[in-house]
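Undergrad: 3D model of this:
(one chain, ligands or ions: 1)
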Amino acid sequence: MGTVTKINRDDIVNGKAGKRPGKPKGGVFHNDYGAMTPQQYVAWLIARRKEGRLGLGFAPYYINSSAILRADNTGNKAWHTANNEGNIWYLGYEVVQSYYGIISDKEFILNEDMTLRQMAEDFHFYGLKPNKETIRLHSEFSATSCPHRSWDLHGKSTNALKSYLITKVTRYMSLGKTVEEMLKKEGVSAPVVPVSNTVTPQPDGKTVKVGKQAKQWETGSNIPTFVIDQVYDVLASKPVTKSRSKKAYLIGKGKVATGWLLEQDVDGFKTAGGGNTNKATPTTKPAITGTTTETQSIAGVQMFLNRWFYGGLTVDNLAGSATNKALIKALQMELNSQFNAGLKVDGLWGAKTKNACITVREGANGNLTRLIQAVLICKGYDVKGFDSKFGDGLDKAVKQFQSDKGLTVDGLVGKGTFEALFK
Ligand SMILES: [Zn+2]
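TA: Sure, this is the predicted structure:
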């Protein structure tokens, strides 16, 4: 282990969700369902704040084994659980790079451990004891598969995972009051370096196209198929020695990184034994990135459904019957939680689901709008943002869809339009 960087940037969120009315009741454990490091989350959060999109969700902490980003003062509320009790009374901890294929399970557990050391530090600070009431999972507050990877690794049940987390936090609390003290007691040579600013990757003006047989840098596992043939910005590059490639590229869309790519997997850099053709590097911008649940693409919709609605989908950027079923399930869950519709969540379209639908129109903002955007994205319409806001772009897409289907063209998504969209 090298150094551990504490990135204290309370100025990023700066109390946007308001002050907590008292001492926190505990902490909520999250997995980010993404690929970014805490350093990369800095730029991502700043962009999200500038675009007025923090309401889509943020946590005060983003942590991996070598960096701890604190993006807001822990005395403030945070929009991290889609639930008032969770957002007001609990601190939020995102273990980052949890998306499968980015890092190995072993590396991911090191990310979890650093997150739990920070939780232990905060529990000392607020005088909290680790138990089932104070250490909570995101899935205890709303319909989500978060924390998906920790769930898979530590027993696949709420009780088993919470017992594991409680044991770890209890141990870390016994070692010291701060992350620094705990690491020292553990004999880990990892001095903690606090920084109040950090260098974020900048696109260097070059783009690369991913070839046919891309593998993750270091893990050797296949990278998700939806990045195949896509063009990405090069954010940074570094020399590597572990493979026949001499170089790896940090690829992303704009400043949002999606991961490291080996040179051997880049189209246009043919290497001996490589499976890639040697075409000129295209200059078009990428249509898809695999980093966030907000990307306007079928892959983005699939990640969104997996994260918030137990989608369980393979992220393949293809709109098939499994994705369609997951969309209907998400709609049923949302109608149940917002309007007590009492629907069976079975992913099957029927009269009961149709009758439970309300009318959604321009000016709306929330998960129903997000699901309308999702289904239109899957049908190939440009909704101008996958952001839960029913604006002009979505209004135009709805009207185009209604026109294509021979429905009344009014931009109102009522029972008939819902049926045409989801059935
Ligand atoms: Zn979560």
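Undergrad: Measure how buried the residue of the stretch 301-423 of the chain found nearest the ion is and give me the count.
TA: With C-beta to the ion, the shortest gap between the stretch 301-423 of the chain and the ion falls at residue 307, namely 7.4 Å. Quick note: C-beta positions are derived from backbone N, CA and C, even for glycine. Residue 307 is flanked by 23 other residues according to other C-beta atoms under 10 Å.
Undergrad: how about it, what does it touch?
TA: When contacts are counted by C-beta atoms under 8 Å, 6 or more residues apart in numbering, residue 307 touches 33, 144-146, 148, 293.
Undergrad: got the domain boundaries for this protein?
TA: As recorded under automatic domain parsing, the domains making up the chain are 4-195, 201-290, 298-422.
Undergrad: Redo these as TSV? Include mean pLDDT.
TA: Listed next are those as TSV, based on pLDDT from 0 to 100:
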stretch	mean pLDDT
domain 4-195	92
domain 201-290	53
domain 298-422	90
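Undergrad: ok, back up a step: and what about the residue of the stretch 301-423 of the chain closest to the ion, helix, strand or coil?
TA: Assigned with DSSP: H, G, I helix; E, B strand; the rest coil, residue 307 falls in the helix class.
Undergrad: mind checking how far it is from residue 299?
TA: Computed as C-beta to C-beta, to the nearest Å, the residue 307 to residue 299 distance reads 12 Å.
Undergrad: Same question for residue 127.
TA: 44 Å.
Undergrad: ok, those two, which is more surrounded?
TA: Each of residue 127 and residue 299 had its neighbours counted (other C-beta under 10 Å), and the higher figure belongs to residue 299 (25 against 7).
Undergrad: So which bits of the helix or strand harbouring the more buried one are buried?
TA: According to DSSP states H and E, residue 299 maps onto helix 298-308. Judged by neighbour count (16 or more other C-beta atoms under 10 Å), helix 298-308 contains these buried residues: 298-308.
Undergrad: helix/strand/coil for residue 62?
TA: Residue 62 - assigned by three-state DSSP - is strand.
Undergrad: residues in contact with it?
TA: Per C-beta under 8 Å, 6+ apart, neighbours of residue 62: 32, 38, 41, 69, 71, 94, 96.
Undergrad: if you set the cut-off to 7 Å instead, what comes out?
TA: Each residue near residue 62 by C-beta atoms under 7 Å, 6 or more residues apart in numbering is listed here: 38, 41, 69, 71, 94, 96.
Undergrad: CA atoms only for the helix holding residue 299, dumped as CSV, please.
TA: Provided in CSV are the C-alpha atoms of helix 298-308 (Å, rounded to 0.1, in the frame of the first residue of the first chain):
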residue,chain,number,x,y,z
ILE,A,298,-29.6,1.4,-23.3
ALA,A,299,-26.5,0.5,-21.1
GLY,A,300,-27.3,3.5,-18.9
VAL,A,301,-30.9,2.4,-18.6
GLN,A,302,-29.8,-1.1,-17.6
MET,A,303,-27.4,0.2,-15.0
PHE,A,304,-30.1,2.4,-13.6
LEU,A,305,-32.6,-0.5,-13.4
ASN,A,306,-29.9,-2.7,-11.7
ARG,A,307,-29.0,-0.1,-9.2
TRP,A,308,-32.5,1.2,-8.2
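Undergrad: After it, which helix or strand is next? Please name it.
TA: Per DSSP H and E, the first helix or strand lying C-terminal to helix 298-308 is helix 321-339.
Undergrad: so what does that next one touch, helix or strand wise?
TA: helix 298-308, helix 351-356, helix 367-378, helix 415-422 (3 or more C-beta pairs under 7 Å, 6 or more residues apart in numbering; DSSP states H and E).
Undergrad: Many thanks, I have nothing further to ask.
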